[in-house]
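[1] I'd like to go over a predicted model; first the sequence, then the structure.
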Amino acid sequence: METTFAPFDLRQVPVLLRGELEPIHGWIERWSVGRVCFHVAVICVGAGLFGASVGWWRAPLQAFYTGVKLPLIILLTTLGNALLNGMLAPLLGLNLRFRQVSLAILMSFAIAAVILGAFSPLMLFLEWNAPPMSAGASERLAAHSLILVTQALVIAFAGVAANLRLLQLLRRASDSTAAATKVLFAWLAGNLFLGSQLAWILRPFIGSPALPLQFLRPDALQGNFYEIFLSALKRVLFG
Amino acid sequence: MSVRAWNLSQVGLLLRAQPAALREWVNPWRTERALFCLAAIALGAGLYGAAMGCWRSGLQALYTGIKLPLVVLLTTLGNGLLNGMLAPLLGLNLSLRQALMTVLLTFTIASILLGAFSPVAAFVVWNTPPLTDATRLAAAEYGLLQLTHVVFIAFAGVTGNLCLAPLLRQWSGHTAVAHKVLLAWLAANLFLGSQIAWVLRPFIWDPARPVEFIGQEYLRGSFYETVFDAARRLLIW
Amino acid sequence: MIDQNLTPPPLPPLPSRSAPAGAPLGSDPAEQVPITGLLTAVEALLRQPRRVMFQLRQPPVRTVLLALLVIAIACSLIYGLVVGTFSGGTQLWAAPVKIAGGLLLAALICLPSLFIFACLSGAEVRLSEVAGFLSGQLALMAVLLIGFAPVAWVFSQSTESVAAMGALHLAFGLIAAYFGLRFLNTAFAHLNARSGSGLKVWMVIFILVLLQMTTALRPIVGTSDDFLPAKKMFFVNHWAECLKK
């Protein structure tokens, strides 16, 4: 199997999806700015397409907003946690350099983005068949909920697939399955923690039918995802 | 073994249903053999149809004598393409012509049997209380006739298909493939045949209508809608 | 003259449909014969599916792929015409357009995810090959629908029930889809995939998209003033409404 691809060769995408460890490990070993830019582009296109398809139901403008915001969350999460992830790896027994860690995480996000991009036609088809924004209030709410749930399922699937590939790569890079698993969970926890808050700040993605069309909510920087989650949990448990 | 199409001894040959002989009928295609099959269907099923219809009247006998072979032939033709596709898809590499000829042979054997039963059917009809103005659909004599005809036709149909099974088994080399193809053909032919028979009804008698070849109202509805509605009424749905 | 020998010679089996299921594609020389025309392609789909699969893996894929697409479109247009004879009028052109268009649209919507699932399962396959296999599936579905066309026509002429005809066409479509998906499954079995579960999930997605497409493009059976429906509905709700009528 060929392992030498030009940085922007599209044949790298199936190699990533198949999780072919030899070529992927080779890419991590040899830092290439071109390859980094390629993965960033894949994230922008794949996650952008999915974001656009999610926002399309609300309005074409929301499609544009979400098409910009979804890749932004991924890239900001990768950048924001780069230093932390780069430190956690050797601390937990995986001897990868900072650049190698960043590239591995970027590749896993690229895999997730490709999967999301591939599901964007299905998302669009779902929205085409759902009651539109002009429908009655209860129908709109039902459609909004359906899109939300479907979006969550697709993102979850893409995330799981991408992380499975990442785990295989980490196992190849270290001699210890335990170390690879610990590192993966640590990265996941950090990325989920930061990613959730970034998603909270950058909301909305689908666009609630009851609220106006906005790139960001006016109270975007007020409160955080975990405060709201805990308040909701308190209301559910204690009334 | 060489066969000459218009020799009446072919009837015995077909009924004995030895795979080698049937194989020679199917391959290569000979128009005179196909015509022999058509003639056998027209005659055999026609005679039986006449026996079915003669309880009502001579005219009904004529009509049913035409309609019964018509059901058979329209079913064979209507499903010709489908049967020819299903065979290779299910693992039996027959050409379209071979599939058509094979199905035609099944119906030919069944029609020959029906032709042989037609004197018996006529005898049953002769011994059945005749149709009068007082006869109702629920009458015992009508029920007896229906049952008799169903038994004869079912027996002829089953036998026709069973005669084919050894040939399909030898061709395919697998019993499972032969059975799948046979069942698929049966299902398709029953499905279309039931609807064609529904459209071409009545075969014995319809108390609500005079004797006619096809009534206009028979083109409304389908066999399966009627069965579905009946099942729904039965289950009070 | 009838031969008097009472012991018939043993019956030679018909030529085998293909090489043993596990043999690599192209191991039978017959599979290596190029597919040069539409009729050859139809014959091969029915009788030599492995030949189609092998040719789809040989560059250039374009020729075979285009032939399969043409077959799929042409056959679904013809079947659509039969569907349209139930209502007549504008349905004589609308039904073929919707059936052919709907089939292609469903395939286009599902193609990216098929490629993804193929790669995730470890299959060594290019996008063009996946598109080729999907075209093969569509072509086989459409060819089989042609086989059902006479049956569908008989029922079209003898019933006035939209629900009954809709159910019948759906049943034929699902049977055709079964054989089409079986072709796809066999094709993917030769791609060294580690697991077949991704393909199975994709098949469920494809069937759901196909079923929803029949509702999204309604009416295909029956009449309407509009080409496409104003009201959005999921196919289960639509079926329930039709049954109530």
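    Now that the structure is in, tell me what you want to look at. Model, not experiment: these values are computed from the prediction.

[2] Quick check: mean pLDDT of stretch B:77-96?
    Averaging pLDDT along stretch B:77-96 yields 91.

[3] Now the terminal residues of it, how far apart.
    12 Å (Cα to Cα, to the nearest Å).

[4] Tell me if I'm right that C:G222 and C:S87 touch.
    Yes: using Cβ atoms under 8 Å, C:G222 makes contact with C:S87 at a distance of 5.9 Å. Yep, even glycine has a C-beta here, placed from its N, CA and C like the rest.

[5] Compare those two (neighbour count), which wins?
    For C:G222 versus C:S87, neighbours defined as other Cβ atoms under 10 Å in any protein chain shown are more numerous around C:S87 (20 against 16).

[6] Distance of that one relative to C:G101?
    Distance of C:S87 to C:G101, given as Cβ to Cβ, to the nearest Å: 18 Å.

[7] for the spatially most central residue of chain C, what are its contacts?
    Centroid-nearest residue in chain C, with Cα atoms, centre = their mean: C:M141, separated by 1.9 Å. The contact partners of C:M141, by Cβ atoms under 8 Å, 6 or more residues apart in numbering or on different chains, come to C:A72, C:L103, C:G173, C:A176, C:A177, C:F179, C:G180.

[8] Show me what the strand or helix carrying B:A230 is in contact with.
    Here B:A230 sits within helix B:223-234, counting by DSSP states H and E. Contacting residues not belonging to helix B:223-234 are listed as B:S194, B:Q195, B:A197, B:W198, C:T159, C:S161, C:A164 [Cβ under 8 Å, 6+ apart].

[9] looking at chain C, which helix or strand is least sure?
    Of all helical and strand segments in chain C, the minimum by mean pLDDT, DSSP states H and E falls on helix C:235-244, at a mean of 87.

[10] Does it reach chain A?
    No: with Cβ under 8 Å from any Cβ of the partner chain as the criterion, chain A is not reached by helix C:235-244; the gap is at least 8.6 Å.

[11] roughly how far out does the helix or strand of chain A with the lowest mean pLDDT sit from the chain middle?
    The weakest-scoring helix or strand in chain A, judged by mean pLDDT, DSSP H and E, is helix A:225-238 (a mean of 71). Mean-position distance between helix A:225-238 and its chain equals 25 Å (Cα atoms, centre = their mean, to the nearest Å).

[12] If you count contacts, what does that helix end up packed against?
    Using 3 or more Cβ pairs under 8 Å, 6 or more residues apart in numbering or on different chains; DSSP states H and E, the elements in contact with helix A:225-238 are helix A:177-201.

[13] Just the buried positions in the helix it packs on, please.
    Across helix A:177-201, burial judged by 16 or more other Cβ atoms under 10 Å in any protein chain shown covers A:179-180, A:182-184, A:186-187, A:190-191, A:194-198, A:200-201.

[14] Let me know the closest of these to B:S111.
    Nearest to B:S111 out of those is A:L184 (Cβ to Cβ; 72.6 Å).

[15] hmm, the lengthiest helix in chain A in reach of chain C?
    Longest helix in chain A, counting residues (DSSP state H): helix A:137-173. Yes: contact between helix A:137-173 and chain C, assessed by Cβ under 8 Å from any Cβ, occurs at A:A161.

[16] mean confidence for that helix?
    Averaged across helix A:137-173, the pLDDT comes to 88.

[17] Okay, buried residues for it please.
    A:139-140, A:143-144, A:146-147, A:150-151, A:154-155, A:157-159, A:161-163, A:165-167, A:169-171, A:173.

[18] helices or strands up against it?
    helix A:21-29, helix A:33-55, helix A:98-129, helix A:177-201.

[19] quick one: that helix to helix A:98-129, angle?
    150 degrees (axes from the mean of the first three to the mean of the last three Cα atoms, to 10 degrees).

[20] Please save the CA atoms from the least confident helix or strand of chain A in PDB.
    The C-alpha atoms that make up helix A:225-238 are tabulated as PDB, following Å, rounded to 0.1, in the frame of the first residue of the first chain:
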ATOM      1  CA  PHE A 225     -22.600  25.100  30.000                       C
ATOM      2  CA  TYR A 226     -22.000  23.400  33.300                       C
ATOM      3  CA  GLU A 227     -23.800  26.000  35.400                       C
ATOM      4  CA  ILE A 228     -26.900  25.700  33.200                       C
ATOM      5  CA  PHE A 229     -26.600  21.900  33.200                       C
ATOM      6  CA  LEU A 230     -26.400  21.800  37.000                       C
ATOM      7  CA  SER A 231     -29.300  24.200  37.500                       C
ATOM      8  CA  ALA A 232     -31.400  22.100  35.200                       C
ATOM      9  CA  LEU A 233     -30.400  18.900  37.100                       C
ATOM     10  CA  LYS A 234     -31.300  20.600  40.400                       C
ATOM     11  CA  ARG A 235     -34.700  21.600  39.000                       C
ATOM     12  CA  VAL A 236     -35.300  18.000  37.800                       C
ATOM     13  CA  LEU A 237     -34.200  16.400  41.100                       C
ATOM     14  CA  PHE A 238     -35.500  18.900  43.700                       C
END
